[in-house]
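> I need the structure of the sequence given here:
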Amino acid sequence: MISILKKKYILPVVASGLLFLGASFKDDFFEIAKQIEIFTTLFKELNTNYVDEANPGELMDSAIKGMLASLDPYTVYFNEQDVVKFKINNTGEYTGIGALITRKDDKIIIREIYKDFPADKAGLKPGDEIIQIGDVLLSDFKDDASQLMKGAKNTKIDVKFIRQGKTNTAQIVLDEVEIKSVVFFSKIDAKTGYIVLAHFNNKASFETKKALEELKKQGADRIILDLRGNPGGLLHEAVNICNLFVPKNEVIVTTKSKNEKHNNTYKTMMEPVDTEIPLVILINERSASASEIVSGALQDLDRAVVVGSRSFGKGLVQKPIDLTYNTQLKVTISRYYTPSGRCIQALDYAHKDKDGVATRTDKKNYNSFKTRKGRTVYDGGGVLPDIQLEETKTSTIAKALLNNDGIFNYATDYYYKNPNLGSQIPTFSNSDFANFKQFLKTQKISFDTETEKALKNTLAVAKKENIDATINTEYEQLLSALQKSEETLLDKNQEEIKGLIVDEIIKRYQYQEGLYQYYVKTNSEIKKSVSILNNSAEYNSILKK
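Numbering: from 1, shown residues only. The predicted structure follows:
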């Protein structure tokens, strides 16, 4: 996500709406006013005449979401609770429990614990299933249950949770929680510094600068900046991070819109930390938005070698607009362009297929651009690394295991069967992998690949039409064949899946920090980056120095 934050003043509702519409759509003002009047009349008559009692708030919420769904997925409406979450993501500060959580059925699942924060101090672990918060049973609470675990500092919250089939209780004492942008940095060897930038909140450039300066003090004269899995954030922070490595007054990104006031050129505004230090940037298919500005801009300026796999491809910029009653609209206002002039947006939301899915830019329609020293780069589908590594791509079967919690649930089971592993690095043998496959069968964990979901949907439709009995035999045969195919894919991608399992297991014992300490010793993408930095001839050749 890329967003631009600016201070806004709330005007009276009618004036605010008219000013916004007049400024943005003055050529279509009559048509817009007409459609608003039609909608207002419809909404009033519906609430007055509908046979059952209707909830105006829910109706309007559905109407807004339906309207925005026809645009891009980044243009969204925030209610009051959502606004709080959005501000947390951008500031990196809130009062809470210090854990990554998800809602599943009638439970909150603890996904990851952050070291020394409230949930960790209360003894909660990944895999714990919270079923009650205070006096509230989550089975009876359908709203956002995470709000039940927020409050003033030192607020005590009693929770009831299930762990390994047993019900337990704990008391969490809320405290200030800071979401770091730089989640890890260290020296890999005598000369190479490594920085993991996980988010682009408003402290991203400050934390990156601090890490860079500390590594240089420790003797690092080359840097690896890891943006793998970084979903983006604030645009100006991306510019400021580039500024650490390039001179003042350098163009980093340009935004273009149909509305001229959103057309901007963003230049570096400060003195850099180091314009000469060799730099490698790691990206993958989950590096998006601000991550793509940093990697794309420094690639265009021939300032860094980009390593990994093609990035996500989000070249759209959003801006939050305050609405009445503490609500907010985050709206896509422009596209961004890297210094060479390329926009790396991969999906065309203005043109969708018959199923309403945005079309992807065809490779044959990519346009070529030149970096400052004449290297060819392309638009249309994310940032393409200078050095592409297959191991940074996630296979279909691995994605399924991550999405269906196969790996997560196995790691939970492993943790409680091996309580004394501590700081040891787990070895995952072929026998362990066989146990993993048996675990998937025993727990009846479905892979839910696109093919499997389509097949199950076909049977569901057949049941509705009362023809399932006539196709049941063929269905079972197809499902059996599909499951055999999935098992074959498990074996084919065994090394990749083993790596993902070990990653998850390490986090259970050593938190996120332990995982990155493991990475700097074993990760193949990091090793490749070090080898490029160690070979100045190769590094300079890639950048045409």
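> mind naming the longest helix for the chain?
Assignment by DSSP state H gives helix 494-522 as the longest helix of the chain.
> so which elements touch the very next helix or strand once past it?
As assigned by DSSP states H and E, the chain's next helix or strand after helix 494-522 is helix 524-534. Applying 3 or more CB pairs under 8 Å, 6 or more residues apart in numbering; DSSP states H and E, one finds that helix 524-534 contacts strand 192-197, strand 222-226, strand 279-283, strand 305-308, helix 536-542. From N, CA and C alone the C-beta is placed, and that goes for glycine too.
> what about the longest helix of the chain, distance to the chain center?
Centroid separation for helix 494-522 versus its chain: 19 Å, with CA atoms, centre = their mean, to the nearest Å.
> export the helix or strand harbouring Ser291 as PDB, just CAs?
In this assignment (DSSP H and E), Ser291 forms part of helix 290-300. Extracted C-alpha coordinates of helix 290-300, given in PDB (Å, rounded to 0.1, in the frame of the first residue of the first chain):
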ATOM      1  CA  ALA A 290       6.700   1.500  -1.500                       C
ATOM      2  CA  SER A 291       9.100  -1.500  -1.700                       C
ATOM      3  CA  GLU A 292       8.800  -1.200  -5.500                       C
ATOM      4  CA  ILE A 293       9.500   2.500  -5.400                       C
ATOM      5  CA  VAL A 294      12.800   2.000  -3.500                       C
ATOM      6  CA  SER A 295      13.900  -1.000  -5.600                       C
ATOM      7  CA  GLY A 296      12.700   0.500  -8.900                       C
ATOM      8  CA  ALA A 297      14.200   3.900  -8.300                       C
ATOM      9  CA  LEU A 298      17.600   2.700  -7.100                       C
ATOM     10  CA  GLN A 299      17.600   0.300 -10.100                       C
ATOM     11  CA  ASP A 300      16.800   3.100 -12.500                       C
END
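> just send the helices and strands packed on helix 524-534 back as a markdown table, with mean neighbour count, mean pLDDT and distance to Ser181 too.
Converted to a markdown table, the helices and strands packed on helix 524-534 look like this (neighbours: other CB atoms under 10 Å; pLDDT from 0 to 100; distance: least, CB to CB, whole Å):
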| stretch | mean neighbour count | mean pLDDT | distance to Ser181 |
| --- | --- | --- | --- |
| strand 192-197 | 25 | 98 | 6 |
| strand 222-226 | 27 | 98 | 12 |
| strand 279-283 | 28 | 98 | 15 |
| strand 305-308 | 26 | 97 | 19 |
| helix 536-542 | 13 | 96 | 27 |
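> let's have these in JSON lines, adding distance to Lys319.
Formatted as JSON lines, the helices and strands packed on helix 524-534 follow (distance: least, CB to CB, whole Å):
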{"stretch": "strand 192-197", "distance to Lys319": "23"}
{"stretch": "strand 222-226", "distance to Lys319": "27"}
{"stretch": "strand 279-283", "distance to Lys319": "25"}
{"stretch": "strand 305-308", "distance to Lys319": "28"}
{"stretch": "helix 536-542", "distance to Lys319": "36"}
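> returning to that earlier point: the longest helix of the chain vs helix 524-534, what angle?
40 degrees (axes from the mean of the first three to the mean of the last three CA atoms, to 10 degrees).
> what is helix 494-522 packed up against?
Using 3+ CB pairs under 8 Å, 6+ apart, helix 494-522 is in contact with strand 107-113, strand 182-187, helix 396-403, helix 406-417, helix 430-442.
> turn these into a markdown table, columns for mean pLDDT and distance to His236.
As requested, these are exported to a markdown table (pLDDT from 0 to 100; distance: least, CB to CB, whole Å):
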| stretch | mean pLDDT | distance to His236 |
| --- | --- | --- |
| strand 107-113 | 93 | 28 |
| strand 182-187 | 97 | 17 |
| helix 396-403 | 91 | 32 |
| helix 406-417 | 96 | 35 |
| helix 430-442 | 94 | 44 |
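> nearest to Gly57, out of these?
strand 107-113 (24.6 Å; CB to CB).
> ok, then the element right after the longest strand along the chain?
Ranked by residue count, the top strand of the chain under DSSP state E comes out as strand 328-337. Remark: after strand 328-337, the chain's next helix or strand is strand 347-352, criterion DSSP H and E.
> what lines up beside that following strand in the sheet?
strand 358-360 (antiparallel) (DSSP bridges).
> roughly how far is the strand it pairs with from the heart of the chain?
20 Å.
> which other residues reach that strand?
For strand 358-360, contacts defined as CB atoms under 8 Å, 6 or more residues apart in numbering pick out Asp72, Ala346, Leu347, Asp348, Tyr349, His351, Lys352, Asp353, Gly381.
> in which helix or strand would I find the most centrally placed residue in the chain?
Here the mean C-alpha position of the chain is nearest to the C-alpha of Pro231 (CA atoms, centre = their mean), at a distance of 4.1 Å. Per DSSP H and E: Pro231 is located in neither a helix nor a strand.
> neighbours around the residue nearest to Asp353 when sequence neighbours are not counted, how many?
Distances taken as CB to CB, 6 or more residues apart in numbering put Thr359 closest to Asp353, at 6.1 Å, once the chain neighbours are dropped. Counted with other CB atoms under 10 Å, residues neighbouring Thr359 total 13.
> bridging residues for Thr359?
Beta-bridge partners for Thr359, by DSSP bridges, are Asp348.
> and it, what pLDDT?
If you check Thr359, the pLDDT there is 78.
> how close does it sit to Arg335?
Thr359 sits 16 Å away from Arg335, going by CB to CB, to the nearest Å.
> same thing with Ile101?
Distance from Ile101 to Arg335, by CB to CB: 34 Å.
> quick one, which of those two is more surrounded?
Ranked by neighbour count (other CB under 10 Å), Ile101 and Arg335 place Ile101 first, with 20 against 16.
> least confident secondary structure element in the chain?
Lowest by mean pLDDT, DSSP states H and E among the helices and strands of the chain is helix 13-25, with a mean of 40.
> remind me what the longest strand of the chain packs against, helices and strands.
Where contact means 3+ CB pairs under 8 Å, 6+ apart, strand 328-337 is packed against strand 76-78, helix 80-91, strand 251-256, strand 316-322.
> tell me the angle the third one makes with strand 328-337.
The reference is to strand 251-256. Using the same axes, to 10 degrees: strand 251-256 against strand 328-337 is 120 degrees.
> ok, then the element right after strand 251-256?
Strand 251-256 is succeeded, C-terminally, by strand 264-267 (DSSP H and E).
> now the strands for the stretch 1-150 of the chain?
Here the stretch 1-150 of the chain has its strands, by DSSP state E, counting those that start in this stretch, at 2-3, 76-78, 93-96, 99-104, 107-113, 129-133, 136-137.
> partners of the fifth one, with directions?
It stands for strand 107-113. Take DSSP bridges as the rule and strand 107-113 pairs in its sheet with strand 99-104 (antiparallel), strand 129-133 (antiparallel).
> how close does Pro272 get to Asn243?
6 Å.
> comparing these two, which residue is more hemmed in?
More crowded of Pro272 and Asn243, by other CB under 10 Å: Asn243, with 22 against 17.
> got JSON lines for the contacts of strand 358-360, with distance to Ile283 and neighbour count too?
JSON lines is the format used below for those (distance: CB to CB, whole Å; neighbours: other CB atoms under 10 Å):
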{"residue": "Asp72", "distance to Ile283": "22", "neighbour count": "19"}
{"residue": "Ala346", "distance to Ile283": "14", "neighbour count": "20"}
{"residue": "Leu347", "distance to Ile283": "18", "neighbour count": "20"}
{"residue": "Asp348", "distance to Ile283": "22", "neighbour count": "13"}
{"residue": "Tyr349", "distance to Ile283": "23", "neighbour count": "17"}
{"residue": "His351", "distance to Ile283": "27", "neighbour count": "8"}
{"residue": "Lys352", "distance to Ile283": "27", "neighbour count": "13"}
{"residue": "Asp353", "distance to Ile283": "28", "neighbour count": "8"}
{"residue": "Gly381", "distance to Ile283": "13", "neighbour count": "20"}
